[in-house]
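K.L.:
what's the 3D shape of this:
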Amino acid sequence: MQGPGFKSGELAVIPTAKGSTRFLIVATLVIAAISVLVMSFRGALTRPLLFPAPNYRFTPALPGGKIVTAKTARTAFGYYAKSGPKLVVLFHGNGEVMGSMQDIAELLLREGFSVLMTEYPGYGFAAEYTASEQNIYEDSAALLQLMREFYHHAAKDTILWGFSLGTGVATEMAAQKLGQRLILMAPFTSAPDTAAHHFFSLARHLVVDVFNNKAKAPLVEAATLVVHGARDSVIPVSMGQELSTLFRSNELIIVPNADHNDLMARLTPEHWQKILKFVRAA
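P.N.:
Next up, the predicted model:
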């Protein structure tokens with residue numbers, strides 16, 4: 001009998017269950033191969049986004065300040081200026097270099113605090129090296145060891161201060177008990193959480209440099225101050241609020257109308273007094 005849509009003499013080809021199974025197997029293998037390939041190159045895919053280092057060096061200019069170095073598998077660079085027995089260590093954002101925090105350093109110097117600005121591998125003076133979570137931790141810890149051994153700043157007299165990406169570094173140093181107080185400005189819960197916020201949920205699995213502040217927060221014994229802009233479009237204020245509840249001892253300042261990159265500029269004299277009071281309590 002001739003069915004609709006067929007001419008006499010034509011043969012209808014109906015896919016068999018065996019053919020469908022073969023197609024599914026091949027498709028699964030192709031998807032798996034692509035997935036393995038993508039996961040193998042996660043660092044190459046995500047690190048340029050996570051570490052967009054500026055293509056320049058910026059040497060700070062502070063009274064009595066100087067470039068200092070420490071040795072790891074690399075040369076770790078920092079800028080140190082002495083003003084008192086208490087040390088504030090500044091960890092910059094991902095699109096900055098250590099000199100980008102000079103204004104804060106200058107203010108702290110005037111208030112009688114010594115300061116150390118840290119350079120990350122892959123940035124500024126350390127541009128020849130590879131930026132990665134582990135490399136940044138190692139170099140930062142080496143600089144803090146230098147401060148203890150050669151400049152006599154003990155961990156109990158050290159305040160760790162991070163902005164944006166730098167909050168991941170500062171939190172890790174606090175988890176290692178290398179500071180007595182911790183200031184986090186525009187912090188994130190983790191790098192994968194931030195990737196998922198900006199792109200899509202599965203993007204979290206592409207991130208190799210995790211900076212898991214959320215997991216480390218309960219382990220931190222240092223008193224912690226979180227400062228976040230209410231209108232932060234890069235790292236949502238909800239992340240700062242969530243983090244502030246996870247530290248054992250914490251304070252939270254929400255800055256009205258502040259976005260991410262103008263957070264410092266939006267701080268009022270009252271905000272600065274609260275921050276300086278927190279630092280002085282160390």
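K.L.:
and the strands in this protein?
P.N.:
66-71, 75-81, 87-91, 114-118, 158-163, 181-185, 223-229, 250-255 (DSSP state E).
K.L.:
the fifth one - contacts with which helices or strands?
P.N.:
With contacts defined as 3 or more CB pairs under 8 Å, 6 or more residues apart in numbering; DSSP states H and E, strand 158-163 has these neighbours: strand 87-91, helix 165-175, strand 181-185. All C-beta spots, glycine's among them, are computed from the backbone N, C-alpha and C.
K.L.:
circling back to that earlier point, closest one to residue 133 among the strands of the chain?
P.N.:
strand 87-91 (12.8 Å; CB to CB).
K.L.:
what angle sits between the closest one and strand 75-81?
P.N.:
130 degrees (axes from the mean of the first three to the mean of the last three CA atoms, to 10 degrees).
K.L.:
just the CA trace of strand 87-91, in CSV.
P.N.:
Extracted as CSV, the C-alpha positions of strand 87-91 are listed here (Å, rounded to 0.1, in the frame of the first residue of the first chain):
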residue,chain,number,x,y,z
LEU,A,87,52.0,47.4,60.3
VAL,A,88,49.1,47.6,57.8
VAL,A,89,49.6,45.3,54.8
LEU,A,90,47.7,46.3,51.6
PHE,A,91,46.5,43.8,49.0
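K.L.:
which neighbours does that strand have in its sheet, and in what orientation?
P.N.:
strand 114-118 (parallel), strand 158-163 (parallel) (DSSP bridges).
K.L.:
what's the distance between the residue lying closest to residue 70 once chain neighbours are set aside and residue 161?
P.N.:
Nearest residue to residue 70 in three dimensions, chain neighbours excluded: residue 142, at 3.9 Å (CB to CB, 6 or more residues apart in numbering). Here residue 142 is placed at a distance of 18 Å from residue 161 (CB to CB, to the nearest Å).
K.L.:
between these two, which one's more packed in?
P.N.:
residue 161 (28 against 20; other CB atoms under 10 Å).
K.L.:
what's across from the more buried one in the sheet?
P.N.:
residue 90, residue 183.
K.L.:
return the residues in contact with it.
P.N.:
88-91, 104, 170, 182-183, 185 (CB atoms under 8 Å, 6 or more residues apart in numbering).
K.L.:
can you rerun that using 6 Å?
P.N.:
Applying CB atoms under 6 Å, 6 or more residues apart in numbering to residue 161 gives the contacts 88, 90, 183.
K.L.:
before we move on, back to that, pretty sure the residue nearest to residue 70 sits against residue 69.
P.N.:
No. Applying CB atoms under 6 Å as the test, residue 142 and residue 69 come out as separate, 9.2 Å apart.
K.L.:
without its sequence neighbours, what residue ends up closest to the residue most central in space within the chain?
P.N.:
By CA atoms, centre = their mean, the mean C-alpha position of the chain lies nearest to residue 165, the distance being 2.5 Å. Nearest residue to residue 165, sequence neighbours excluded (CB to CB, 6+ apart): residue 94, at 3.8 Å.
K.L.:
between the two ends of stretch 153-170, how far is it?
P.N.:
End-to-end distance of stretch 153-170 (CA to CA, to the nearest Å): 16 Å.
K.L.:
for stretch 200-218, C-alpha coordinates in CSV please.
P.N.:
These are the backbone C-alpha positions of stretch 200-218, laid out as CSV (Å, rounded to 0.1, in the frame of the first residue of the first chain):
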residue,chain,number,x,y,z
PHE,A,200,26.2,31.5,34.0
SER,A,201,26.0,28.9,36.7
LEU,A,202,28.3,26.4,35.1
ALA,A,203,31.0,29.0,34.7
ARG,A,204,32.0,28.3,38.3
HIS,A,205,33.5,25.0,37.2
LEU,A,206,35.9,26.8,34.8
VAL,A,207,37.6,28.8,37.5
VAL,A,208,40.9,27.3,38.7
ASP,A,209,41.9,30.0,41.2
VAL,A,210,39.1,29.7,43.8
PHE,A,211,40.0,32.2,46.6
ASN,A,212,37.3,30.6,48.8
ASN,A,213,36.7,33.3,51.3
LYS,A,214,33.4,31.8,52.4
ALA,A,215,35.1,28.5,53.4
LYS,A,216,38.0,30.2,55.2
ALA,A,217,36.0,32.8,57.1
PRO,A,218,35.0,30.5,60.0
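K.L.:
can you give me the buried ones in that stretch?
P.N.:
Across stretch 200-218, burial judged by 16 or more other CB atoms under 10 Å covers 203-204, 206-209, 211-214, 216-217.
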